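Visitor: Attaching a predicted model along with its sequence, questions to come.
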Amino acid sequence: AKSTDIEHKTAKKQDEEQALQVKSTDLEGTQKELDAALAYFDKLKPSCVDAGVSYEDRVARRKEEIESLQEALRILNGEDLA
């Protein structure tokens, strides 16, 4: 009875060590993916983060841009600008 108990525990230990090895490999791969994603994020951050322009300024600039595009569209359509 004692030897079968030892055999079961030995087999269980081997299974657990194998599972640990697989999980360690998975963790290593996932960590590499995370590192790559964070590096890419750091590269993108300057173009995404607020460039020091206030929300109101961005809204005003966007409004002017829309108005100038609408004016250009009217000119292209041959409408009077009067």
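Guide: Structure received.
Visitor: longest helix of the protein?
Guide: helix 2-48 (DSSP state H).
Visitor: Check which helices and strands it sits against.
Guide: On a contact count with 3 or more C-beta pairs under 8 Å, 6 or more residues apart in numbering; DSSP states H and E, helix 2-48 meets no helix or strand. Where you see a C-beta, it was placed from the backbone N, CA and C, and this is true even at glycine.
Visitor: after that helix comes which helix or strand?
Guide: Using DSSP states H and E, the helix or strand that directly follows helix 2-48 along the chain is helix 55-76.
Visitor: CA atoms of that next one as PDB?
Guide: C-alpha atoms of helix 55-76 as PDB (Å, rounded to 0.1, in the frame of the first residue of the first chain):
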ATOM      1  CA  TYR A  55     -10.500  70.900 -25.900                       C
ATOM      2  CA  GLU A  56     -12.000  74.300 -26.800                       C
ATOM      3  CA  ASP A  57      -9.200  75.000 -29.200                       C
ATOM      4  CA  ARG A  58      -9.500  71.700 -30.900                       C
ATOM      5  CA  VAL A  59     -13.300  72.200 -31.300                       C
ATOM      6  CA  ALA A  60     -12.800  75.700 -32.700                       C
ATOM      7  CA  ARG A  61     -10.100  74.400 -35.100                       C
ATOM      8  CA  ARG A  62     -12.400  71.500 -36.200                       C
ATOM      9  CA  LYS A  63     -15.300  73.900 -36.800                       C
ATOM     10  CA  GLU A  64     -13.100  76.100 -39.000                       C
ATOM     11  CA  GLU A  65     -11.900  73.100 -40.900                       C
ATOM     12  CA  ILE A  66     -15.500  71.900 -41.500                       C
ATOM     13  CA  GLU A  67     -16.600  75.400 -42.600                       C
ATOM     14  CA  SER A  68     -13.700  75.700 -45.100                       C
ATOM     15  CA  LEU A  69     -14.500  72.200 -46.400                       C
ATOM     16  CA  GLN A  70     -18.100  73.200 -46.900                       C
ATOM     17  CA  GLU A  71     -17.000  76.300 -48.700                       C
ATOM     18  CA  ALA A  72     -14.700  74.300 -50.900                       C
ATOM     19  CA  LEU A  73     -17.600  71.900 -51.700                       C
ATOM     20  CA  ARG A  74     -19.900  74.800 -52.600                       C
ATOM     21  CA  ILE A  75     -17.200  76.200 -54.900                       C
ATOM     22  CA  LEU A  76     -16.700  72.700 -56.500                       C
END
